[in-house]
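# Any chance you could fold what I've pasted below:
(2 chains)
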2 protein chains.
Amino acid sequence: MGRADGEQHKRKLLAGVDLGGTNFVCGLVDQDGTVLRTAKRPTEAERGSDHVLQSVADTIELLLADEGADNVVLTAVGVGLPGFLDPERGIVRMAGNLKWKDVPISDILSKRLAAPVFIDNDVRSFTYGEAAAGAAAGYRHVLGIMLGTGLASGMVNDGRIYYGSGYMAGEFGHILMDGVPFACGCGMTGCLETVASATGLVRQVRAQLEAGRSSVLAEWAGGDPSAIQAADVSKAYDLGDPVAREVMDFTGRTLGKALAYAVTLYGPDAIVIGGGASLAGERLFAPMREELQRTVHPLYWERLTIVPAQRLDEAGVVGSAMIAQHRLEQQTA
Amino acid sequence: MGRADGEQHKRKLLAGVDLGGTNFVCGLVDQDGTVLRTAKRPTEAERGSDHVLQSVADTIELLLADEGADNVVLTAVGVGLPGFLDPERGIVRMAGNLKWKDVPISDILSKRLAAPVFIDNDVRSFTYGEAAAGAAAGYRHVLGIMLGTGLASGMVNDGRIYYGSGYMAGEFGHILMDGVPFACGCGMTGCLETVASATGLVRQVRAQLEAGRSSVLAEWAGGDPSAIQAADVSKAYDLGDPVAREVMDFTGRTLGKALAYAVTLYGPDAIVIGGGASLAGERLFAPMREELQRTVHPLYWERLTIVPAQRLDEAGVVGSAMIAQHRLEQQTA
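Numbering: from 1, shown residues only, chains lettered A, B, ... in the order given. Predicted coordinates:
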């Protein structure tokens, strides 16, 4: 049996990378979207892009060695990260939390790993992963909502990721909402993500405490409101704390109202909601659903399913790997 | 020279049909989107779908005869009409103003005309026409806004029409807007189209007159507010009438605010605005642009062009014909 035959009998695997500002996660994924093994490392963004990408490549090679390098072949690598990207050319235009500008990730990593490398932003990777092999599997038109530090959306329509001009469609967190008074880091005031996000929940609680409202959250913070975390708001909610209840209710309703715009314009048949702040669960989802149903036409509501993300930790890894497989197929078609 | 050779030397033409509740327009269109000749007829919807489709087929055959039937070959027919449609199967699910339900237009017309027939809704046909060979030619991501009796939108993204679940994406007129008090025919209250449309302009003027405001529009109406037309509001605006000014300003601002949602979610590089109410022109567009610029992130605004429709009367005919050509190419690809 010749070497070429041997290659053919090796297991074909994908690598998916979820590249965050603090940590990155690499995973080996098979062609059905099953995660075989993962590794998490500190990003160390301050050491520059060469260092980070070397670290990513090393991690993937270690995972391949653990899987038995002689028996597997790496067919493609997908990298998901926040920021403004050019997915066609594989270049990060600007990634604020990594402090990267014009980094040709695909070129650098593909030379190092001898496999094609595709990039996309983290929310589109998450949405694609949940649509291809997660909570929204089986739906054709999937809107992904990532309630993390910020808020963004991705849309997978008939198996295709929706990009828009400059790959910029879907900055759902920067829709302005009436009744939202907070200045946003983007320069505008009243952006949805200033309330509907992990930082948004905390921001609202702090504003209430500063206005003199009493809350168990003030006690827990012990005089340091900057110590309050989004998870604390859920705990206070469960104790019936009125500030936590009001903040969660307002956040859910505001998100529901904005989702009505997105549902009307995109026409999804499923919405999948992930990100750390989505762990608030029904505390947030109940008022969100109520407001969405009230403000969207019944013809949309009737055909809509809303599901929590299935792969909260792995969605970025799976999604990046699935996007890489999809784009590889497009290239070779 | 055999007959087949003769066919090959005939000019290939498309037919486009803009099928409205009152009139329909048929046109012969060449493959570059140039309209060769058109004919307009009363729809006579009350006589039923068989009669209307027979009348459409007769009109197209007459146009072909006028063009010199021996020298041309009809490659495909496109029909654009308002309502809920199944474009893949060529069936009208429900068309309110035609009072049609489950009419297989493509089957019926293609037998009569011996050419493939494709259908789509009127706003998507308009948008596709303006993107392919109209005011937005050369732009890759085009949002079409039709300000007619009602308000709807279409999105052409990288040359593909965006449909969403059930082909229902884009009921832009049924986004709920704060500060809009009017009940909508759809069953909701506060829909954008209750102000941003021809009927919406008139509705607002009537509400002001009923509230006792004085206006030159009350004089013109001569005691019959139902006589007021959208075009009258423009005339009164030009005379400095305060009611007309306020109504136009509020309508433009409300539309601009809603466009900010659509721009953020779709990421278009061009917006093309058509329909009868768009004849208000800068009276409406100036406040609309101002509010859109104020409420959308600069990164979207910078890459955005807003243009009035180029083919106000023919956009439906051209768009339907271009969609038919596009779908024919997809079928034979």
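
# I'd like to know how many residues surround residue A:271.
Using other CB atoms under 10 Å in any protein chain shown, residue A:271 is surrounded by 24 other residues. Backbone N, C-alpha and C define where each C-beta goes, glycine included.

# dump the residue contacts of residue A:23.
A:40, A:41, A:42, A:43 (CB atoms under 8 Å, 6 or more residues apart in numbering or on different chains).

# and the stretch 1-150 of chain A, which residues reach chain B?
Residues of the stretch 1-150 of chain A that fall close to chain B, judged by CB under 8 Å from any CB of the partner chain: A:140, A:141.

# So which residues of the stretch 1-150 of chain A form strands?
Ranges of strands within the stretch 1-150 of chain A are A:11-19, A:23-29, A:35-42, A:72-81, A:84-86, A:91-95, A:100-103, A:117-121, A:141-147, based on DSSP state E, counting those that start in this stretch.

# same check, this time on the stretch 201-333 of chain A
A:270-274, A:305-308.

# Can I get the last one as CSV, trimmed to CA atoms?
What follows is strand A:305-308 as a C-alpha-only set of coordinates in CSV (Å, rounded to 0.1, in the frame of the first residue of the first chain):
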residue,chain,number,x,y,z
THR,A,305,-38.8,29.0,17.5
ILE,A,306,-36.5,30.5,20.2
VAL,A,307,-33.8,28.3,21.7
PRO,A,308,-30.9,28.7,24.0
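
# Residue A:25 against residue A:316, yeah?
Yes - assessed by CB atoms under 8 Å, residue A:25 is found in contact with residue A:316 at 6.9 Å.

# Between those two, tell me which one has more neighbours.
Counting neighbours by other CB under 10 Å for residue A:25 and for residue A:316 shows that residue A:316 has the greater number, 29 against 20.

# Give me the nearest residue to that one, chain neighbours excluded.
Of all residues not flanking residue A:316 in the chain, residue A:18 sits nearest, at 3.1 Å (CB to CB, 6 or more residues apart in numbering or on different chains).

# just to revisit the earlier point, who wins for neighbours among the contacts of residue A:23?
Counting by other CB under 10 Å, top hit in the contacts of residue A:23: residue A:43 with 19 neighbours.

# re earlier: can you add mean pLDDT and distance to chain B and give the strands of the stretch 201-333 of chain A back as CSV?
Below are the strands of the stretch 201-333 of chain A laid out as CSV (pLDDT from 0 to 100; distance: least, CB to the nearest CB, whole Å):
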stretch, mean pLDDT, distance to chain B
strand A:270-274, 96, 9
strand A:305-308, 96, 10
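
# ok so, going back, which residues does the residue nearest to residue A:316 form beta bridges with?
residue A:25, residue A:80 (DSSP bridges).

# Taking the stretch 101-250 of chain A, what residue is nearest to chain B?
residue A:164 (2.2 Å; CB to the nearest CB).

# Show me the helices in the stretch 51-200 of chain A, by range?
Ranges of helices in the stretch 51-200 of chain A, per DSSP state H, counting those that start in this stretch, are A:105-113, A:122-133, A:198-210.

# which residues are there in the stretch 151-300 of chain A that come within reach of chain B?
Residues of the stretch 151-300 of chain A lying near chain B (CB under 8 Å from any CB): A:153, A:155, A:157-158, A:162-172, A:174-176, A:178, A:186-188, A:257, A:260-262, A:264-269, A:295, A:297-300.

# hmm, which of these are the buried ones?
A:153, A:155, A:157, A:162-172, A:174-176, A:186, A:188, A:257, A:260-262, A:264-269, A:295, A:297, A:299-300 (16 or more other CB atoms under 10 Å in any protein chain shown).

# how many other residues sit next to the residue lying closest to residue A:318 once chain neighbours are set aside?
Leaving aside its sequence neighbours, residue A:318 sits nearest to residue A:129 (CB to CB, 6+ apart; 4.0 Å). For residue A:129, the number of neighbouring residues by other CB under 10 Å comes to 37.
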